[in-house]
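**Q** any chance you can model this:
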Amino acid sequence: MDFPVQILAISTVLAVVLWYTSRRVRGSRYKTEKGLRAPEPSGALPIIGHLHLLGKQMTLARTFAAMADKYGPIFTIRLGKYPTVVVSNPEAIKECFTTHDRSISSRPRSSTGEYLGYNYAAFFANSGPFWREMRKIVSIQLLSSHRLKSLRHVQVSEVHTLINDLYLLCKKNKQGSARIVISECFERLKINMITRMIAGKRYLRSTEAEKEEEGKRIGKLMKEYMYISGVIVPSDLIPFLGWMNHFPGPVKTMKRLSRELDSLMESWIQEHKLKRLESTTENTSKMEGDDFIDVMLSLLDDSMFGYSRETIIKATAMTLIIADQANVEVLGHHFELIPFGSGRRSCPGITFALQVLHLTLARLLQGFDMKTPTGESVDMTEGLGVTLPKMTPLEILITPRLSPELYSEC
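**A** Purely as a prediction, here's the structure:
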């Protein structure tokens, strides 16, 4: 009984050794034929490469910065079977996004793209006709200056509501000030603004308890989505570990999130289809302030490049949900700071994001004096995740600084 097991174990070990040896031989031949490669940090292990160095309780940005200090601004790491070049030099980054923009515009296949991106629909798609068509639709029809202007009232009203709520919170206290966690305020603002622009729906601060609970659930889904989309899935980098996806882990979480988000998007789309049918029957004219789902339903046929209209709308809506130095601007032209990316794969929501950011900060700074509760410095330690949330939520003390009538709700 034990003999076949021993043979299997020995065969497995030999297969791994042969695989690793062949990889090293091919790597050496590549160096000889192609010339020197970018330096590679020490510590790589067979099969997993440098993955174990990225699993510590430290953000990838910090880990790569430490490697760059030691090995230079351009170096190579191995993520499982995939060699990966890490670039942290502005001049080199500029060359990547200008001279070699087309070469790096593709996206690797991943569990995130498959399960959370509707099988690589919308912006999880690889470069090609479908991706270019979707980019054009989003840039021209959904996030153009004209479209954002027609929906400007949504931004203004939601920011005004936030300011009014904070003022009323301050007035409830005898001291005339209030202690708040600013990230929670921004989360409510984000959920209401995005759901109104995408689906014409408002959840948080609703008079209906059911809508309020649904808004909280959507906020939780957004947080989970943003976190899990930045998690490394072992089978993406080491394909023969795909069997691990049957056990609890990131892929199981992605599948659950996919079902919940799909159910939410489907309900929005069906509501819009019903309204369109009713408006057609009643000969109601199309409104310029239509939300994004209205626009997509008007533009798209039943299918495009093998994807159904509903799938494209859901994938694009999810993309919009997550899109959310003095001399350095962030539009992708100064390569010291590129939070929205650059080149052909840059984020199309730059204009929308900056409009909301400027409006929100301006109203907060105009309306309130702000300080930390005990006067201590703000802890700027980053948390883990693709968006680098603060490790410690920022709690501040706000005090109104304007006349009461200026806070009244429109």
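**Q** now do the SS call for residue 106.
**A** At residue 106, secondary structure determined by DSSP: H, G, I helix; E, B strand; the rest coil is coil.
**Q** which ones are touching it?
**A** Contacts for residue 106 (Cβ atoms under 8 Å, 6 or more residues apart in numbering) come out as 126, 127. For glycine as for every other residue, the C-beta is placed from the backbone atoms N, C-alpha and C.
**Q** apply 10 Å and report the result again.
**A** With contacts defined as Cβ atoms under 10 Å, 6 or more residues apart in numbering, residue 106 is in contact with 125, 126, 127, 128, 131, 345.
**Q** most neighbours among those, which one?
**A** Note: the member of the contacts of residue 106 with the most neighbours is residue 125, at 24 neighbours, neighbours being other Cβ atoms under 10 Å.
**Q** list the residues that contact it.
**A** With Cβ under 10 Å, 6+ apart as the criterion, the residues that contact residue 125 are 106-107, 113, 117-119, 131-135, 305, 307, 315.
**Q** pipe the residues you listed into JSON lines and attach distance to residue 262, secondary structure and pLDDT per row.
**A** As requested, the contacts of residue 125 are exported to JSON lines (distance: Cβ to Cβ, whole Å; DSSP: H, G, I helix; E, B strand; the rest coil; pLDDT from 0 to 100):
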{"residue": "106", "distance to residue 262": "26", "secondary structure": "coil", "pLDDT": "77"}
{"residue": "107", "distance to residue 262": "21", "secondary structure": "coil", "pLDDT": "77"}
{"residue": "113", "distance to residue 262": "15", "secondary structure": "helix", "pLDDT": "85"}
{"residue": "117", "distance to residue 262": "12", "secondary structure": "coil", "pLDDT": "83"}
{"residue": "118", "distance to residue 262": "8", "secondary structure": "coil", "pLDDT": "84"}
{"residue": "119", "distance to residue 262": "12", "secondary structure": "coil", "pLDDT": "84"}
{"residue": "131", "distance to residue 262": "21", "secondary structure": "helix", "pLDDT": "78"}
{"residue": "132", "distance to residue 262": "25", "secondary structure": "helix", "pLDDT": "81"}
{"residue": "133", "distance to residue 262": "22", "secondary structure": "helix", "pLDDT": "81"}
{"residue": "134", "distance to residue 262": "18", "secondary structure": "helix", "pLDDT": "80"}
{"residue": "135", "distance to residue 262": "23", "secondary structure": "helix", "pLDDT": "80"}
{"residue": "305", "distance to residue 262": "20", "secondary structure": "coil", "pLDDT": "68"}
{"residue": "307", "distance to residue 262": "14", "secondary structure": "strand", "pLDDT": "79"}
{"residue": "315", "distance to residue 262": "10", "secondary structure": "helix", "pLDDT": "82"}
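**Q** filter those to the buried ones?
**A** If you count burial by 16 or more other Cβ atoms under 10 Å, the buried members of the contacts of residue 125 come out as 107, 113, 117, 118, 131, 134, 135, 307, 315.
**Q** how close does the second one sit to residue 234?
**A** For residue 113, the distance to residue 234 under the criterion Cβ to Cβ, to the nearest Å works out to 16 Å.
**Q** wait, is residue 384 part of a strand?
**A** No: assignment of residue 384 by three-state DSSP gives coil, placing it outside any strand.
**Q** what sits closest to it if chain neighbours are left out?
**A** Distance criterion Cβ to Cβ, 6 or more residues apart in numbering; nearest residue to residue 384, sequence neighbours excluded, is residue 59 at 6.3 Å.
**Q** tell me the contacts of that neighbour?
**A** Residues in contact with residue 59, defined by Cβ under 10 Å, 6+ apart, are 65, 230, 381, 382, 383, 384, 385, 386, 388, 391.
**Q** among these, show me the least confident.
**A** Ranked by pLDDT, these bottom out at residue 386, which has 64.
**Q** could you pull out the helices for the stretch 101-250 of the chain?
**A** According to DSSP state H, counting those that start in this stretch, the stretch 101-250 of the chain carries its helices in the segments 111, 129-137, 145-150, 152-172, 182-199, 209-228, 234-237, 250-281.
**Q** buried sites along the fifth one?
**A** Which is helix 182-199. 182, 185-199.
**Q** let me know the pLDDT of the nearest residue to residue 394 once chain neighbours are set aside.
**A** Ranked by Cβ to Cβ, 6+ apart and with sequence neighbours excluded, the top spatial neighbour of residue 394 is residue 182, at 5.0 Å. Among the per-residue scores, residue 182 holds a pLDDT of 90.
**Q** touching, residue 182 and residue 393? I think so.
**A** Yes: with contact defined as Cβ atoms under 10 Å, residue 182 counts as touching residue 393 (7.8 Å).
**Q** can I get the helices of the stretch 101-250 of the chain in a markdown table including distance to residue 397?
**A** Formatted as a markdown table, these follow (distance: least, Cβ to Cβ, whole Å):
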| stretch | distance to residue 397 |
| --- | --- |
| helix 111 | 43 |
| helix 129-137 | 44 |
| helix 145-150 | 34 |
| helix 152-172 | 10 |
| helix 182-199 | 11 |
| helix 209-228 | 24 |
| helix 234-237 | 44 |
| helix 250-281 | 36 |
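**Q** now, among the buried ones among the contacts of residue 125, which is nearest to residue 203?
**A** When the buried ones among the contacts of residue 125 are compared for distance to residue 203 (Cβ to Cβ), residue 315 wins out at 21.5 Å.
**Q** dump the residue contacts of that closest one.
**A** Shown in contact with residue 315 (Cβ under 10 Å, 6+ apart): 113, 116-125, 134, 265, 307.
**Q** confirm residue 319 sits in a strand?
**A** No: the assignment for residue 319 by three-state DSSP gives helix, which leaves it out of any strand.
**Q** low-scoring pLDDT stretches of the chain, where are they?
**A** In the predicted model of the chain, residues 1-36, 55-56, 122-123, 205-208, 280-289, 301-305, 321-349, 385-387, 409-410 satisfy pLDDT under 70.
**Q** at 50 what do you get?
**A** Where the chain drops to pLDDT under 50, the residues are 1-19, 21, 25, 28-33, 285, 287, 325-332, 410.
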